[in-house]
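Asks: Test case, fold it:
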Amino acid sequence: MTRIIRHLLDFSRRRGPQLVRYELQRLVADAVEILSPLAKSRQVTIAVDASEHVPAAVDPTQMLQALTNLMVNGMQAMSEGGCLTVAVGHRYAHPPADHAGEEGEYACISVIDQGEGIEREVLEHVLEPFFTTKDVGEGTGLGLSVAWGIVREHGGWIDVTTEHGRGSEFSILLRERPRREARVLVLDDDQDMCEMLAAAPRP
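Replies: I've put the predicted structure just below:
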């Protein structure tokens, strides 16, 4: 119940992102550390492919929430366990029609599961608030929509590819450099994520 209420509050009262230039590899490492106990309990192995140097303009606290939501969704898609792959890299992409960005290279975090995939009639609704195909107690229908909202506020988007019976890939695509009007702080390498989490406002 606490998790559901927090999702509702995050969805309805989310603050604007406080952008810093941040290594996406560090973000993935933090997410893996947080979710390792859950992965173990669900017999899921998390594989990380993050050898490439990929900085991006993000709010680390908010983007961590978006990433963990995608990873939990991927774990829930594998009812019998399996491997969840989180990859960091660059991708040349064309933004969707409702996005103001231009075709080009974007920083990318991909979460790839080995679930059953998403049926076509379901795929167009997966990022909508309160939409879920999971069993009672497994999902609230808010995790993916909260992630989508956070990424959109960062000037990015979430791309979804899936194949029935072979799993799904949810990719966060972000600018490495923010829009001109955005103010970006630069964190020292030794600044810990815990400081960002401690400073974040709580509902």
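Asks: got the residue ranges for the helices in the protein?
Replies: 2-13, 24-41, 60-76, 120-123, 143-153, 193-199 (DSSP state H).
Asks: Compare the mean pLDDT across those helices and name the weakest.
Replies: Mean pLDDT values for the helices of the chain show the minimum at helix 193-199, a mean of 43.
Asks: Please report how far D59 lies from N69.
Replies: D59 sits 15 Å away from N69, going by CB to CB, to the nearest Å. To be clear about C-beta, it is placed using only N, CA and C from the backbone, and glycine gets the same treatment.
Asks: list the helices and strands the strand ranked longest in the chain packs on?
Replies: If you go by DSSP state E, the chain has its longest strand at strand 82-93. Applying 3 or more CB pairs under 8 Å, 6 or more residues apart in numbering; DSSP states H and E, we find strand 82-93 packed against helix 24-41, strand 44-49, helix 60-76, strand 104-112, strand 167-174.
Asks: again, only using 10 Å
Replies: helix 24-41, strand 44-49, helix 60-76, strand 104-112, strand 157-163, strand 167-174 (3 or more CB pairs under 10 Å, 6 or more residues apart in numbering; DSSP states H and E).
Asks: Next, the buried residues of the fifth one.
Replies: I take that to be strand 157-163. Neighbour-count burial for strand 157-163, counted by 16 or more other CB atoms under 10 Å, picks out 157-159, 162.
Asks: That one pairs with which strands?
Replies: strand 167-174 (antiparallel) (DSSP bridges).
Asks: strands paired with the longest strand of the chain, and their directions?
Replies: By DSSP bridges, strand 82-93 pairs with strand 44-49 (parallel), strand 104-112 (antiparallel).
Asks: Present those strands as JSON lines; the columns should include mean neighbour count, mean pLDDT and distance to R152.
Replies: Listed next are the strands paired with strand 82-93 as JSON lines, based on neighbours: other CB atoms under 10 Å; pLDDT from 0 to 100; distance: least, CB to CB, whole Å:
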{"stretch": "strand 44-49", "mean neighbour count": "16", "mean pLDDT": "96", "distance to R152": "25"}
{"stretch": "strand 104-112", "mean neighbour count": "21", "mean pLDDT": "94", "distance to R152": "14"}
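Asks: can you put those in TSV and add distance to L84?
Replies: Below are these laid out as TSV (distance: least, CB to CB, whole Å):
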stretch	distance to L84
strand 44-49	5
strand 104-112	7
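Asks: The ones you listed: which one's closest to V20?
Replies: Nearest to V20 among the strands paired with strand 82-93 is strand 104-112 (13.8 Å), distances taken as CB to CB.
Asks: Using PDB, list the CA coordinates for that closest one.
Replies: Extracted as PDB, the C-alpha positions of strand 104-112 are listed here (Å, rounded to 0.1, in the frame of the first residue of the first chain):
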ATOM      1  CA  GLY A 104      20.600  12.200 -34.100                       C
ATOM      2  CA  GLU A 105      22.600  10.400 -31.500                       C
ATOM      3  CA  TYR A 106      21.200  10.000 -28.000                       C
ATOM      4  CA  ALA A 107      22.300   8.500 -24.700                       C
ATOM      5  CA  CYS A 108      20.400   5.300 -24.200                       C
ATOM      6  CA  ILE A 109      19.700   2.900 -21.300                       C
ATOM      7  CA  SER A 110      17.900  -0.300 -22.400                       C
ATOM      8  CA  VAL A 111      16.200  -2.800 -20.100                       C
ATOM      9  CA  ILE A 112      15.800  -6.200 -21.900                       C
END
